[in-house]
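Q: Show me how the following folds:
(2 chains)
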Amino acid sequence: MADAKITSFNLSCPVPRVADDRIVLAHGGGGRLTHQLIEKIFMPAFSNDMLEQRHDGAVLPLNGSRLAFTTDSFVVRPLIFPGGNIGDLAVYGTVNDLAMCGARPLYLSAGFILEEGLEMDTLRAVVSSMQQAAAKANVKLVTGDTKVVDKGKGDGVFVNTSGIGLIEANVKGTIGPASVQVGDAVIISGDLGRHGIAILSVREGLEFESPILSDTDSVWPAVEALLNAGIEIHCLRDLTRGGLATTLNEIAGDRNVCIKLEEVLIPVDETVQSACEILGLDPLYVANEGRFAVFVPAAQADKALEVMKKVPVSAGSVRIGKVEESPGRTVVLQSRIGGNRVVDMLSGEQLPRIC
Amino acid sequence: MKFLSEYRDQKAAEQLAGAIRQKVRRPWTIMEICGGQTHTIVKSGLEDLLPREITLVHGPGCPVCVTPIELIDKAVAIAARPDVIFCSFGDMLRVPGSSKSLFDVKAEGGDVRIVYSPLDALKLAKANPQKQVVFFAVGFETTAPANAMAAWQADHDGIENFSLLVSHVLVPPAMEALLSSESCVVQGFLAAGHVCTIMGFEEYFPIAAKYEVPIVVTGFEPLDILDGILMTVAQLEEGRHEVENQYSRAVRREGNRPAQKTIAEVFEVTPREWRGLGEIPASGFQLRGRFQKYDANRRFPFTGEPAHESPECISGLILQGIKKPHDCPAFAVKCTPENPLGAPMVSSEGACAAYYHYGRRQNHLVQPELSGSPSR
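A: Alright, predicted model coming up:
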C-alpha cells in the first residue's frame, strides 16, 4: 500500500497552444466552435440585415409578399440508416428550415457531389427516396447540379439542397428568435434523440431489441396547422445539429432571456435513453430531424398543444418549459430529483466517456 | 427505465435528503472519489438538496484528469506517425499535451480513432496488418480487465502489429496519499462503485482503520449518491469509521475474481505519476512478462522535451478537494472547455468541466458580474 506523503504540490498543468489555425470536426458540430466560426469568419465577411436575424432561413420581402430562402448540406455517414437515408434527409432538412420561417415549402434545388466508384444502386436508392420525400412534402425539385470527385475525396454522396417557400398572408409579424417574449411557453413536437442515435447505432454496431428509427420527416403539416388555428407563433426552431440544448441556448443568448425547463417533462424514448447511457451522451444534445420547438404566448399554449397533437408528425408534443427574464442568456433545467443546473451550449463534440 | 428511472425518483430523493438533514449535527466534508459521481452530482443539481453542513469535494477519480502531460505528449508523438492507427476512448482526444492534443493530430492528418472497447482496436489491427495499431490504455481498475483482455487476446491470436500505451491508475493508493497529506480536508469517502465492482472492497478496510475515516462504496445514480452520503454522515455523527457497501446491487466484497485473475496475469503494480498530484508509489499497472512486447513505450521510443508547466492551473488542489473549480481565477475566464488550461476542464468527468457545463452560472444566478461570460 502506498506510503506517499503529499506535502507540497508541483502542479503540472501546461498552457496548451490553441489549435485555432485549422478546422477541426467540432467546427461542424453545431456547438460553441460552430458559433465562433460563424461569428469570426463568416459574419465579418457577409454581415447584412437578413443574416443578422440568425434564423434557419432568410425572409425576403418581394412585391408585398414574403419569401423564405434557405440552404443546407448533407454529409451523413452511413448514407443509409434505420428510418431513412441521405436523400430524404436532404429534402426534409431544407423543407423544415423553410417551415421554421413559417413558410410553405414550394421549390428545392439539389446539388450532388458524387465520389468515383459509388455504386449506381446506392445513388438510385438515394434519388428514389428524395423523390418520395418531395412528393410527401409537396415540393418540386426544380433545378440541380452534379459533380464527381476522385475516389477518396468524398464520402460516397454529399447532397446540398436549397429551398424557397412562401410566407402566407395570414402570418402576422415575424416568426423568429427576435420575437421571443418573457412569459412564452416552450413546446417541443415530440421525443428527442432518435435521429442521432439511429445513426450512431449503425456506426458503433449497437443492436437494440426494438430498432431506433430516425425521426426524419417534414414538420410543415404541424406548422401549417398552428398557423391555420390562428396561434400567435413567436418562434419556431428545428432541433437538428446540437439538439434541443444548443437551439435553446442560441435563443436565450440572442434574446438575453432565461429558458427554464423541467427534465421530467422532456420526452425521451426508453431505448434512446439506454443508448445514450451506454454511449455516454446526453439526449438534450443529440440531433433530431423531425422535431421542432415552438414559442407561443402562455395563454395560447394549451390550444397550440391541442392543435399539434392532432397532426401525426407532432403527435408527441409536450410543453417543457417557459421563458423568464433572468438570469439572461441561460438555459436552466430542474432535474428529476429537484435540483437545478445550467444546460450549456456544447463545447466541441459530445465525446464518449472512458467509464 | 429499469434500474435507472427508479434511481432518479424525486420523492425518494426528497426522503433521503430529509434523512440526511435529520442525521446531520455538525459540518462534514465528504469526497466522492469518482468523476462519474461528480458528473451525476452536478448534472442533477444534487447539492441543492443537501443541508449546509455537508460539503462535497471532488476526488481524483477522473482518468483523463490524472494522466500525466508527458504521456499525452507521447501519445501525440505516436499518433502523428504515418504507420500508426491510434485508438483511444473519446474524451482523451481533447486533453492538451504541452503543445497539442490528439484532436490536433487528427486535424493534421493523423489516423486517430475513437473506440468504445480495446477489443475494437485489436480488430482494427487484424484488419490492417500493414499498420501499427496503438490503444491508449488509460483508466482506473474499472477499465483494466478489458485492456488486459486485449493484450491477452493479441498474444493468444499472435497479433504483432498491436500495442498498448498504458497509464493505468489505482484508487486505494491515491486515497492514502490524499489522507496522509497535511492539508487533507476529507472526513469521509464515497468510494467509486465501478472500481469496486472489479476489485471488491477488502483493500479499503486497512485504510478506514488507519486513518479513522468512513468509506462507503457508492453507485452513480442520484439516489445512490444521496444514500451514500446518508450512510457516511451516519458514521461520522456516530463516531464510526467503517467500510460499508451502498452499491450492493453491483458490488460484492470480493469483487469480480475472474477479472482480477486476468488483470494479475497481464499487469503488475508499478509507481505512477499522477497529473497534479505527483508520483505515488504502487499506484498503477504496467504490462508484465510476456505481455511487455505489447508495450507501446518499448515499441516507439520517445524522447520528448520536458513538458512546460503553468502556475495558473490549480488542478492539483482541485483533485485533492482543497479548492473548488470556482476558486480558480482562471476558471471560465482563461480556462474553458474549448481552451482548457488543465485536464479537469476537458473530460465530462473532470470537476472543472462539470462545473462549467452544469453549474458555472450558479454564481451568476446570484451576482451576474461574478462570472466571465462565454465568447459566443
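Q: okay, CA-based contacts and neighbour counts for the rest of this
A: OK.
Q: helices and strands of chain B: which one bottoms out on pLDDT?
A: Lowest by mean pLDDT, DSSP states H and E among the helices and strands of chain B is helix B:362-366, with a mean of 37.
Q: export the top helix by length along chain A as PDB, just CAs?
A: Ordering each helix of chain A by length in residues (DSSP state H) puts helix A:120-137 first. Provided in PDB are the C-alpha atoms of helix A:120-137 (Å, rounded to 0.1, in the frame of the first residue of the first chain):
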ATOM      1  CA  MET A 120     -25.300   3.100 -59.000                       C
ATOM      2  CA  ASP A 121     -27.800   1.200 -56.900                       C
ATOM      3  CA  THR A 122     -26.900   3.400 -53.900                       C
ATOM      4  CA  LEU A 123     -27.500   6.500 -55.900                       C
ATOM      5  CA  ARG A 124     -30.800   5.100 -57.200                       C
ATOM      6  CA  ALA A 125     -31.900   4.400 -53.700                       C
ATOM      7  CA  VAL A 126     -31.000   8.000 -52.600                       C
ATOM      8  CA  VAL A 127     -32.700   9.600 -55.500                       C
ATOM      9  CA  SER A 128     -35.800   7.500 -55.200                       C
ATOM     10  CA  SER A 129     -36.300   8.500 -51.500                       C
ATOM     11  CA  MET A 130     -35.700  12.100 -52.400                       C
ATOM     12  CA  GLN A 131     -38.500  11.800 -54.900                       C
ATOM     13  CA  GLN A 132     -40.800  10.200 -52.400                       C
ATOM     14  CA  ALA A 133     -39.900  12.800 -49.700                       C
ATOM     15  CA  ALA A 134     -40.500  15.700 -52.100                       C
ATOM     16  CA  ALA A 135     -43.900  14.200 -53.100                       C
ATOM     17  CA  LYS A 136     -44.800  13.800 -49.400                       C
ATOM     18  CA  ALA A 137     -43.700  17.300 -48.600                       C
END
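Q: any low-confidence regions in chain A?
A: A:1-20, A:347-355 (pLDDT under 70).
Q: quick one, helices of it?
A: A:32-37, A:43-46, A:86-99, A:120-137, A:194-203, A:220-228, A:243-255, A:270-279, A:301-309.
Q: So which residue is smack in the middle of chain B?
A: Per CA atoms, centre = their mean, the C-alpha nearest to the average position across chain B is that of residue B:62, at 1.7 Å.
Q: contacts for the longest helix of chain A?
A: A:85-88, A:90-92, A:95, A:105, A:140-141, A:157, A:218, A:220 (CA atoms under 8 Å, 6 or more residues apart in numbering or on different chains).
Q: quick one, phi/psi of residue 78?
A: Chain wasn't specified; assuming chain A. As for residue A:78, its main-chain torsions (degrees, to the nearest 10) stand at phi -70, psi 160.
Q: Sorry, I should have been clearer: chain B.
A: phi -70, psi -40.
Q: Might you report the residue contacts of it?
A: Residue B:78 neighbours (CA under 8 Å, 6+ apart): B:84, B:86, B:300.
Q: follow-up on the earlier one: for the helices of chain A, which one ends up most surrounded?
A: Across those, averaging neighbours per residue (mean count of other CA atoms under 10 Å in any protein chain shown) puts helix A:86-99 on top, at a mean of 28.
Q: residues in contact with the residue sitting furthest away from the middle of chain B?
A: In chain B, counting by CA atoms, centre = their mean, residue B:130 sits farthest out from the average C-alpha position, at 34.1 Å. Applying CA under 8 Å, 6+ apart to residue B:130 gives the contacts B:83, B:161.
Q: Filter the contacts of residue B:78 to keep only those in contact with chain A.
A: The overlap between these and the neighbours of chain A (CA under 8 Å from any CA of the partner chain) is empty.
Q: Closest one of these to chain A?
A: residue B:86 (15.8 Å; CA to the nearest CA).
Q: Could you tell me which strands sit next to whichever strand or helix holds that closest one in the sheet, and their orientation?
A: If you go by DSSP states H and E, residue B:86 is part of strand B:84-88. If you go by DSSP bridges, strand B:84-88 pairs up with strand B:111-114 (parallel), strand B:132-139 (parallel).
Q: Now do the last one, average pLDDT.
A: Going back to what we said before, that points to strand B:132-139. Across strand B:132-139, the average pLDDT comes to 95.
Q: are any of the contacts of residue B:78 buried, and which?
A: Among those, the ones that count as buried by 16 or more other CA atoms under 10 Å in any protein chain shown are B:84, B:86.
Q: need the contacts of residue B:78 in TSV with pLDDT, can you?
A: Formatted as TSV, those follow (pLDDT from 0 to 100):
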residue	pLDDT
B:84	97
B:86	97
B:300	93
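Q: Report the contact partners of the residue nearest the centre of chain A.
A: Nearest residue to the geometric centre of chain A (CA atoms, centre = their mean): residue A:240, 1.4 Å. Contacts of residue A:240 were listed using CA under 8 Å, 6+ apart, and they are A:286-289, A:291.
Q: which of those are close to chain B?
A: Answer for the contacts of residue A:240 near chain B: none qualify (CA under 8 Å from any CA).
Q: I'd like those as TSV, with neighbour count appended.
A: Shown next, in TSV, are those (neighbours: other CA atoms under 10 Å in any protein chain shown):
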residue	neighbour count
A:286	23
A:287	26
A:288	27
A:289	25
A:291	30
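Q: Tabulate those residues (TSV), appending distance to residue B:342.
A: TSV is the format used below for the contacts of residue A:240 (distance: CA to CA, whole Å):
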residue	distance to residue B:342
A:286	27
A:287	29
A:288	33
A:289	36
A:291	37
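Q: residue ranges of the helices in the stretch 201-350 of chain B, please?
A: B:205-211, B:222-237, B:257-266, B:296-299, B:315-319 (DSSP state H, counting those that start in this stretch).
Q: who wins for proximity to chain A among the ones you listed?
A: Comparing the helices of the stretch 201-350 of chain B by CA to the nearest CA, helix B:315-319 comes nearest, at 5.8 Å.
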